[in-house]
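Engineer: Provided below for reference: sequence and predicted model.
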Amino acid sequence: MKKEFTKEEKREYFGKLRTDWKRSKALADNDMEADAMFREAGLKGVSYYGFYFVLTQMKKLSLKGLPYVDSKTFQGWKQNGFKVKKDEKSKIHGVTWIKIENKDEKKEGTNEEGENVRMYPKVYHLFHKTQVEER
């Protein structure tokens, strides 16, 4: 049975997520070593800030490797010929930002171009290479 969250619980969760993202983004701008790692990895479809956000979690957990190379989603590992070991839980999460246009002109949230938009974080879960095995 899926747990239902109250509006306040959701607001608190997403507020913390936004704070963590902003903190990570500020640190990323000054981390030349991480920037070099990102460029060396040559990842397509991944932002540097997303890479850094996952990299910091991996470092805190003492997990070696590169984000999106040594940590992937469940489906990402499956597509590469691996399976997540039984009973393993995701220890790392990534964030992608979804752009939603506000239909209500009264709501705040305009971007640089003056468009009335709001960005929502979408969390996805990653598994480290130590949590998978060949199929």
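Structural biologist: Right, received. Where do you want to start? Numbering: from 1, shown residues only.
Engineer: scan the chain for its longest helix.
Structural biologist: helix 7-28 (DSSP state H).
Engineer: that one: which residues count as buried?
Structural biologist: Using 16 or more other C-beta atoms under 10 Å as the test for burial, helix 7-28 gives D20, W21, S24, A28. The way it works is simple: take the backbone N, C-alpha and C, and place the C-beta from them, glycine included.
Engineer: export those residues to JSON lines and tack on pLDDT and distance to S62?
Structural biologist: JSON lines is the format used below for those (pLDDT from 0 to 100; distance: C-beta to C-beta, whole Å):
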{"residue": "D20", "pLDDT": "94", "distance to S62": "19"}
{"residue": "W21", "pLDDT": "95", "distance to S62": "22"}
{"residue": "S24", "pLDDT": "96", "distance to S62": "18"}
{"residue": "A28", "pLDDT": "97", "distance to S62": "20"}
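Engineer: for the residues you listed, which one is nearest T56?
Structural biologist: Closest to T56 out of the buried residues of helix 7-28 is S24 (5.9 Å), distances taken as C-beta to C-beta.
Engineer: give me the spatial nearest neighbour of that closest one, chain neighbours excluded.
Structural biologist: By the measure of C-beta to C-beta, 6 or more residues apart in numbering, the closest residue to S24 outside its immediate chain neighbours is F53, 4.7 Å from it.
Engineer: wait, is that neighbour part of a strand?
Structural biologist: No: with DSSP: H, G, I helix; E, B strand; the rest coil as the criterion, F53 is located in helix rather than a strand.
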